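[1] My questions are about this predicted structure, shown below with the sequence.
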Amino acid sequence: MATEHIVKSFDQELEKLRRTIVQMGGMAESQLEAALQSVARRDASQAGRVVQADERLDAYEQEIDAGAVRLLALRQPMATDLREIISSLKVAADLERIGDYAANVAKRAIALSQAPVVKPVAAIQRLGRLVQSNVKDVLDAYTERDVGKALDAWNRDEEVDDLYTSLFRETLTYMMEDPRNISSCTHLLFIAKNLERIGDHATNVAETIYYLVEGEPIRISRRKGDISSYEVVAPEGGQEVES
């Protein structure tokens with residue numbers, strides 16, 4: 001009976017860890033959605049709420065870390081259970097970073113709300129929707145232990161990188177064509193980079209799901225599509241400028 005009680009207690013603690021990850025993921029997803037809305041609506045109040053709420057994600061990560069360490073110390077898990085606990089630590093860290101980047105987007109949205117509107121805002125929304133889709137899919141894949149869905153999102157990160165590079169080039173062109181766009185476009189470039197990094201953390205979660213389910217890392221190589229560091233942009237009638 002004592003052994004049965006210990007096993008049952010361990011299962012309950014693992015389930016609590018999973019539930020907390022799911023709750024944290026839901027909040028990170030909501031933070032990203034709210035940050036993007038604040039950009040589109042030029043809503044500084046909503047952006048401010050996103051920034052303030054970031055501490056709740058930090059608290060979630062601390063709770064998950066404490067629970068995982070406790071399970072490792074007291075239960076000495078093996079095989080699948082050990083992967084579950086290690087994966088929870090990795091996913092929590094990525095979700096916390098997603099929250100940080102969403103807060104960064106919100107901070108830029110506050111500045112943008114006080115600046116003139118510029119055209120690349122629409123492209124930011126396209127990038128944001130794609131990143132949101134990937135985040136949602138990896139969170140669903142974690143809940144469902146769906147490796148196929150995780151890999152689909154992992155592969156779509158190349159599309160995120162391509163769209164980011166295109167937006168980067170477009171935004172630089174606007175800046176060079178009219179110096180009055182520089183301030184707003186600089187904020188947009190930072191927003192775009194934060195979204196691209198959120199996409200990277202979504203792929204990290206996808207890789208962790210693969211490890212959790214399959215017991216080994218992904219061995220497929222994927223082209224990294226972000227080539228913005230090597231972009232060369234030329235304003236109309238001007239000399240090429242390397243970014």
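    It's in. Everything quoted here is computed from the prediction, not taken from an experiment.

[2] Could you measure from the most centrally placed residue in the chain over to Asn134?
    Centrality entry for the chain: nearest residue to the mean C-alpha point is Ile198, 2.7 Å, by CA atoms, centre = their mean. Here the distance between Ile198 and Asn134 works out to 8 Å (CB to CB, to the nearest Å). Where C-beta positions appear, they are placed from N, C-alpha and C, glycine not excepted.

[3] likewise Ala53?
    Ala53 sits 22 Å away from Asn134, going by CB to CB.

[4] In terms of neighbours, single out the busier of the two.
    A count of neighbours by other CB atoms under 10 Å puts Asn134 above the other of Ala53 and Asn134, at 26 against 17.

[5] In which helix or strand does that one reside?
    helix 121-144 (DSSP states H and E).

[6] If you count neighbours, what's buried in that helix?
    Using 16 or more other CB atoms under 10 Å as the test for burial, helix 121-144 gives 121, 123-124, 127-128, 130-139, 141-142.

[7] Just the C-alphas of it, formatted as PDB.
    Extracted C-alpha coordinates of helix 121-144, given in PDB (Å, rounded to 0.1, in the frame of the first residue of the first chain):
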ATOM      1  CA  VAL A 121       2.600  48.100 -39.600                       C
ATOM      2  CA  ALA A 122       0.400  45.900 -41.800                       C
ATOM      3  CA  ALA A 123       3.400  43.600 -42.500                       C
ATOM      4  CA  ILE A 124       4.000  43.400 -38.700                       C
ATOM      5  CA  GLN A 125       0.500  42.000 -38.300                       C
ATOM      6  CA  ARG A 126       1.100  39.400 -40.900                       C
ATOM      7  CA  LEU A 127       4.300  38.300 -39.200                       C
ATOM      8  CA  GLY A 128       2.500  38.400 -35.800                       C
ATOM      9  CA  ARG A 129      -0.300  36.100 -37.000                       C
ATOM     10  CA  LEU A 130       2.200  33.600 -38.400                       C
ATOM     11  CA  VAL A 131       4.100  33.500 -35.100                       C
ATOM     12  CA  GLN A 132       0.900  33.300 -33.100                       C
ATOM     13  CA  SER A 133      -0.100  30.300 -35.200                       C
ATOM     14  CA  ASN A 134       3.200  28.500 -34.500                       C
ATOM     15  CA  VAL A 135       3.000  29.300 -30.700                       C
ATOM     16  CA  LYS A 136      -0.600  28.000 -30.600                       C
ATOM     17  CA  ASP A 137       0.300  24.800 -32.500                       C
ATOM     18  CA  VAL A 138       3.300  23.900 -30.300                       C
ATOM     19  CA  LEU A 139       1.200  24.500 -27.100                       C
ATOM     20  CA  ASP A 140      -1.500  22.200 -28.500                       C
ATOM     21  CA  ALA A 141       1.100  19.700 -29.500                       C
ATOM     22  CA  TYR A 142       2.500  19.700 -25.900                       C
ATOM     23  CA  THR A 143      -1.000  19.100 -24.500                       C
ATOM     24  CA  GLU A 144      -1.800  16.300 -27.000                       C
END
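
[8] orientation of the very next helix or strand once past that helix relative to helix 121-144 in degrees?
    Downstream of helix 121-144, the next assigned helix or strand under DSSP H and E is helix 147-177. Here helix 147-177 runs at an angle of 160 degrees relative to helix 121-144 (axes from the mean of the first three to the mean of the last three CA atoms, to 10 degrees).
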